[in-house]
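>>> here is a sequence together with a model predicted from it:
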Amino acid sequence: MTVGVCRIRLRLAENHSLKGKRQVVKSIVSQVSNRFNVSVAEVEDQDLWQIATIAVACVSNDASVVNEVMSRVVNFISQGRWDVELLDYETELLPVS
């Protein structure tokens with residue numbers, strides 16, 4: 001079994017309040033969770049209104065499946081209709097026995 005964790009850092013350049021940030025992050029979290037059947041949450045930078053850090057987790061018996069899902073999630077977010085800039089992401093695959 002393999003657990004994949006992806007940390008994605010985003011810039012919301014056109015955002016000017018925490019309320020606006022919450023709306024964008026909630027939309028991203030909801031759509032990613034529903035589309036890819038993964039767990040998603042905002043994990044850092046909750047008090048910054050132009051930076052958002054979200055984490056995505058996925059579990060599978062095959063590491064290549066986990067890696068593919070994480071790649072598709074990152075592409076979905078970066079090419080989405082939200083006004084966000086993908087600053088950085090890192091993916092970690094953890095084998096669990």
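Cool, got the structure.

>>> for the chain, which segments count as strands?
With DSSP state E applied, the chain shows strands at 2-11, 39-44, 51-60, 85-95, listed in chain order.

>>> and residue 41, what are its bridge partners?
residue 55 (DSSP bridges).

>>> spit out the contact partners of it.
By Cβ atoms under 8 Å, 6 or more residues apart in numbering, the contact set of residue 41 is 29, 54, 55. Where you see a C-beta, it was placed from the backbone N, CA and C, and this is true even at glycine.

>>> what's around the second one, how many residues?
So the one you mean is residue 54. Applying the criterion other Cβ atoms under 10 Å, we find 22 residues in the vicinity of residue 54.

>>> with residue 95 instead?
Applying other Cβ under 10 Å, we find 8 other residues in the vicinity of residue 95.

>>> was I right about it contacting residue 61?
No: when contacts are counted by Cβ atoms under 8 Å, residue 95 is not listed as touching residue 61 (10.9 Å).

>>> identify the contacts common to these two.
1, 2.

>>> may I have stretch 81-91 as PDB, with CA atoms only?
Taking Å, rounded to 0.1, in the frame of the first residue of the first chain, the C-alpha atoms of stretch 81-91 are listed here in PDB:
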ATOM      1  CA  ARG A  81     -10.900  28.700 -13.600                       C
ATOM      2  CA  TRP A  82      -9.700  30.200 -10.300                       C
ATOM      3  CA  ASP A  83      -7.500  33.200 -10.300                       C
ATOM      4  CA  VAL A  84      -4.700  31.400  -8.600                       C
ATOM      5  CA  GLU A  85      -1.000  31.100  -9.300                       C
ATOM      6  CA  LEU A  86       0.700  27.800  -8.500                       C
ATOM      7  CA  LEU A  87       3.800  28.800  -6.500                       C
ATOM      8  CA  ASP A  88       5.100  25.400  -5.500                       C
ATOM      9  CA  TYR A  89       4.200  21.800  -4.900                       C
ATOM     10  CA  GLU A  90       5.900  18.800  -3.500                       C
ATOM     11  CA  THR A  91       4.700  15.200  -3.600                       C
END
